[in-house]
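Chemist: Just a sequence and a predicted model for now, questions to come.
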Amino acid sequence: MRFLFGLPFSILIFSVVAALTPLAAPHVSPRFLLAISAGALAQMGATAALLVAMHRSGFAVATFMQQASLPLGAIVGWLAFGDRMDGLQWLGLAVTSLGLTVLSWPKVDDAKGALVGSAFGLASGACFAVALNGYRQAGLALDHAHPIYAATAGVVVAQTLQSILLGGTLAVFRPSALRAVAASWRPSLGAGFCGALASAFWFSALAMAPAGPVRAVGVLEAPIAAAAGRRLFKEKLTLRQMLGGAATAIGVVMTALG
């Protein structure tokens, strides 16, 4: 229910952006409503599929298969919406995907009996690819001239829809779980704020650039997290992880400079 706890902060962020964008002229069209709904539903489906994949096959296999969202996001944007990427960006996308594959490649023991979990992990990646492109198209449809305004408005609409759907489902089928969520509101506010702020940045980036490059630049968190874990928690990195992290970082730079 992070959507629900993030919604008040998303509304606050949008209010500030709206006050700073007096010339914004939002156009709530069927295209916007369809795109934002598709993005919100696809994101929920992606999260659900990823959780099932982790339950069936473990974290390593699920994470590895979910990385399919990177190339799929670019391909969907190119084929379905005509998003253009130059040669350097496509090459950077390929290098980034290779780096992520090396970083997240599961161990042999982790991969045993992982067929069903792998399928759900791949489905999660496909749903994330749809969500990325849905949110991009929603921003373009609402107000192309003011991408940050359109993005933060899209976050509010998406999180409202997700909160209603998930909250309604819990209220009907798991009322005890909904009460438990409501009781934990205080410690959940921090996660809600961080989620709302992260979503505002993601949506803004998607309103200004195709899903492929945005997703590629976003995965820079992977090598950064690995480096932070090594420095702060004395975690040891294998040669494979270091090479994968380096390839990911190089691919991100190539994609960003394209």
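Modeler: Sure, I can see it.
Chemist: isn't Leu140 right next to Ala209, touching?
Modeler: No - counting by C-beta atoms under 8 Å, Ala209 is not a contact partner of Leu140; they are 11.1 Å apart. Placement of C-beta: from N, CA and C, glycine included.
Chemist: What is the burial count for Pro187?
Modeler: By other C-beta atoms under 10 Å, 8 other residues sit near Pro187.
Chemist: Would you indicate which residues of the strand or helix carrying it are buried?
Modeler: For Pro187, the host element (DSSP states H and E) is helix 185-208. Across helix 185-208, burial judged by 16 or more other C-beta atoms under 10 Å covers 188, 192-193, 195-196, 199-200, 202-207.
Chemist: same question, stretch 4-23
Modeler: For stretch 4-23, a neighbour-count test (16+ other C-beta under 10 Å) marks Leu4, Phe5, Gly6, Leu7, Phe9, Ser10, Ile13, Phe14, Val17, Thr21 as buried.
Chemist: Closest one of the residues you listed to Gly121?
Modeler: Gly121 lies nearest to Gly6 out of the buried residues of stretch 4-23, by C-beta to C-beta, at 24.9 Å.
Chemist: any idea how far that closest one is from Thr21?
Modeler: Per C-beta to C-beta, to the nearest Å, Gly6 is found 21 Å from Thr21.
Chemist: Quick check: what element follows the helix holding Pro187 along the chain?
Modeler: Sequence order places helix 211-218 as the next helix or strand after helix 185-208, per DSSP H and E.
Chemist: Residues contacting that next one, please?
Modeler: Here helix 211-218 makes contact (C-beta atoms under 8 Å, 6 or more residues apart in numbering) with 69-71, 73-78, 83, 85, 89, 92-93, 96, 129, 132-133, 136, 202, 205-206, 251-252, 255-256, 258.
Chemist: Same check on stretch 159-178?
Modeler: With C-beta under 8 Å, 6+ apart, stretch 159-178 has contacts from 1, 3-4, 6-7, 10, 36-37, 40-41, 43-44, 181, 196, 199.
Chemist: Perfect, I'm done here.
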